[in-house]
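In: show me how the following folds:
(one chain, ligands or ions: 2)
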Amino acid sequence: VDSNKPPVVFHIFPFFGSTINYGIDPYKFFFACQEKYGDTFTFILLGRKMTVYLGPKGNDFIFNGKLSQVCAEEAYTHLTTPVFGTDVVYDCPNHKLMDQKRFMKFGLTSETFRAYVPLIIEEVETYLKNSPLFSARKGPVDLLAVIPELTIFTASRTLQGKEIRKGFTGEVAGLYHDLDAGFTPMNFMFPWFPFPQNKRRDAAQRKMAQTYMDIITKRRAAAARGKQPEEKDMIWNLMNQKYKDGTVVPDKEIAHMMIALLMAGQHTSMATMTWILLHLASRPDVVQDLYEEQLRIFGKDLEPLTYESLGELTLHNYVIKETLRIHPPLHSIMRKVKSPMRVPNTHWVIPDNHYLMAAPGVSAIDGKYFKNPTAYDPYRWAGEKVTIEEEEEKFDFGYGLVSKGTSSPYLPFGAGRHRCIGEQFANVQLGTLLAMFVRLLKMNLPDGQKEPAPPDYASLIAMPQRPATMIYEWRK
Ligand code: HEM
Ligand SMILES: N#Cc1ccc(COc2ccc(/C=C/c3ccc(C(F)(F)[C@](O)(Cn4cnnn4)c4ccc(F)cc4F)nc3)cc2)cc1
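Out: Ligands and ions are numbered 1, 2, ... in the order given. Next comes the predicted model:
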């Protein structure tokens, strides 16, 4: 046994190693390994040596590793570049990604969110009132047949802009479906394998990018004729940005960044919104408290939601936080080791043929940090001290100050250089969707079901199992 490397998780078959145990239930696997080997251990995932380092110290070690030591693009490019397109996110040097995140943040301001809330409300009301799945006064509905559409309609109507939103009732919907088919862990595990869906993915990527570039060309021509932009969506924002070296952003890169934002927002929001509604259906008491919270803030006639009033719905925000604590969409964060890394306070050195894997969600359901950790209890956040992020040490990697998250056991949006820039948009989208569902519907689980079924980890993010049935009842 190499004494200067972390312990290797027991396995029988080389190459396959612990793939199945990890793939079936990553958390069960991580807790079992932590029990046996401690916070730092290596397991074999389809021939790759994955060194896991759990807990706040592990999160700091991986999220705040130096650029010379840890590399995100080498871990993710096989999954993301064929879907997003070239020269963006993980198909460019990290400094270019930092610039691209700075651009994206310019399009995600409170001013834009203020304009987005009424658009999201309009999408939800139109959808629920016209959907055949909600035409009865009361009945069962499979949330996985509804939420993916609701999230993509609300995200495209706001971030993506009107032309793309209109496209989702036509060709764009099909393109998105084919793109999405290529966004699977199989492309992580076997990047070289010519899966049939990868041909559809590549064709869809080219057509989707062309769709965005045609929109950019039209809008630029309209601007040249002196026409004011109708709405300040992300495309408009990216058309007005420059890289640090002064070069303008090529239309192709704008198109590819827009695809990246579409995929980012869709998977995370769809999964999280479905989990929120499944947990609320199992807790009609919480739904009643949420409804009363709205009556207190908006009066008995429930005046329209606004971006400002969203911030006052504390229990609504606790529900989102608690859902992300139990169901963080990204359960495993990966990096390629570029140069040997010493694990502090040990004699272990992690060699550069290993990958690192952070699993911030493990400490979020660890009894050491949260009492009764597996209970769904939004009220727990009322007691929690203010999210430690405010007090946390911050650093600017080129797209504004971000927390290094060094001591927080709760990091659903990551930390450090690769931290999420979509958190605020996600909270506006999820908060508005949640408030509208609470206003319009009572929600319960089917008789006999006490709580949501466990997640299906085989997809890219921790998705609810199909069907995700809930019983809705229109309030009026
Ligand atoms: C509930 C919703 C979301 C969650 C839980 C989430 C979570 C995360 C996490 C954990 C990371 C770090 C990944 C890593 O370190 O490898 C990340 C990065 C990122 N996310 Fe999100 N995300 C969410 C929504 C969004 C949305 C809506 C957008 C865009 C509008 C977005 C765009 C990004 C981008 C651009 C990065 C940076 C990746 C990098 O720097 O390598 N995310 N997100
Ligand atoms: N047998 C078996 C067997 C074995 C194993 C398994 C399962 O194994 C695993 C292992 C790791 C993972 C990791 C998920 C992962 C990471 C990165 C990304 C991402 F890059 F894509 C993202 O961060 C996503 N994101 C961020 N914010 N919003 N979205 C992103 C960034 C920027 C961006 F612009 C757009 C983006 F969308 N996506 C997903 C998933 C499954 C199944 C079966």
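In: pretty sure residue 42 sits in a helix.
Out: No - the assignment for residue 42, made by DSSP: H, G, I helix; E, B strand; the rest coil, is strand rather than a helix.
In: now do the contacts for it.
Out: Counting by Cβ atoms under 8 Å, 6 or more residues apart in numbering, residue 42 touches 5, 6, 7, 8, 9, 49, 50, 51, 52, 354. Every residue, glycine included, has its C-beta placed from N, CA and C.
In: now do it, the pLDDT please.
Out: For residue 42, the model assigns a pLDDT of 98.
In: before we move on, the earlier item: in strands only, show me the contacts of residue 42.
Out: 49, 50, 51, 52, 354 (DSSP state E).
In: kindly indicate which of those residues lies nearest ligand 2.
Out: Distance to ligand 2 across those (Cβ to the nearest ligand atom) is lowest for residue 50, with 9.0 Å.
In: I figured residue 271 was touching residue 468, is that so?
Out: No - at 10.3 Å, residue 271 does not count as touching residue 468 under the criterion of Cβ atoms under 8 Å.
In: settle it for me: which of those two has more neighbours?
Out: Under the neighbour definition other Cβ atoms under 10 Å, residue 271 and residue 468 were set side by side, and residue 271 has more, 26 against 21.
In: a strand runs through the more buried one, doesn't it?
Out: No - using three-state DSSP, the assignment for residue 271 is helix, not a strand.
In: dump the residue contacts of it.
Out: 327, 329, 461, 462, 463, 464.
In: who wins on neighbours among the ones in strands among the contacts of residue 42?
Out: Result: residue 52 is most packed of these (other Cβ under 10 Å), 27 neighbours.
In: how about the residues of the stretch 301-450 of the chain near ligand 1?
Out: Those residues of the stretch 301-450 of the chain that sit near ligand 1, judged by Cβ under 6 Å from any ligand atom, are 324, 328-330, 333, 412-414, 418, 420-422, 425-426.
In: from the residues you listed, which land in strands?
Out: Per DSSP E, those map to strands at residue 333.
In: tell me how far residue 156 lies from residue 432.
Out: 15 Å (Cβ to Cβ, to the nearest Å).
In: same question for residue 396.
Out: In this structure, residue 396 and residue 432 are 30 Å apart, going by Cβ to Cβ.
In: tell me which of these two has more neighbours.
Out: Using other Cβ under 10 Å as the criterion, residue 396 and residue 432 rank with residue 432 on top: 26 against 10.
In: could you dump the helix or strand hosting residue 235 to PDB, C-alpha only?
Out: Using DSSP states H and E, the element containing residue 235 is helix 234-238. Only the C-alpha atoms of helix 234-238 are listed here, as PDB (Å, rounded to 0.1, in the frame of the first residue of the first chain):
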ATOM      1  CA  MET A 234     -28.800  38.400 -21.900                       C
ATOM      2  CA  ILE A 235     -28.200  38.400 -25.700                       C
ATOM      3  CA  TRP A 236     -28.400  42.200 -25.700                       C
ATOM      4  CA  ASN A 237     -26.100  42.300 -22.700                       C
ATOM      5  CA  LEU A 238     -23.400  40.100 -24.300                       C
END
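In: picking up where we left off before, tell me the one of the contacts of residue 42 nearest residue 309?
Out: For these, the minimum distance to residue 309 (Cβ to Cβ) is 42.1 Å, reached by residue 52.
In: partner residues bridging the residue lying closest to that closest one once chain neighbours are set aside?
Out: Excluding its sequence neighbours, the residue lying closest to residue 52 (Cβ to Cβ, 6 or more residues apart in numbering) is residue 357, at 4.7 Å. With DSSP bridges applied, residue 357 shows beta-bridge pairing to residue 52, residue 334.
In: could you count how many residues lie near residue 357?
Out: Around residue 357 there are 25 residues (other Cβ under 10 Å).
In: how about residue 208?
Out: Around residue 208 there are 26 other residues, counting by other Cβ under 10 Å.
In: same thing with residue 133?
Out: 16.
In: in space, what's closest to it - neighbours in sequence excluded?
Out: residue 141 (5.0 Å).
In: next secondary structure after the helix or strand that contains that neighbour?
Out: Assignment of secondary structure by DSSP H and E places residue 141 within strand 138-142. Proceeding N to C from strand 138-142, the next assigned helix or strand is helix 147-155, under DSSP H and E.
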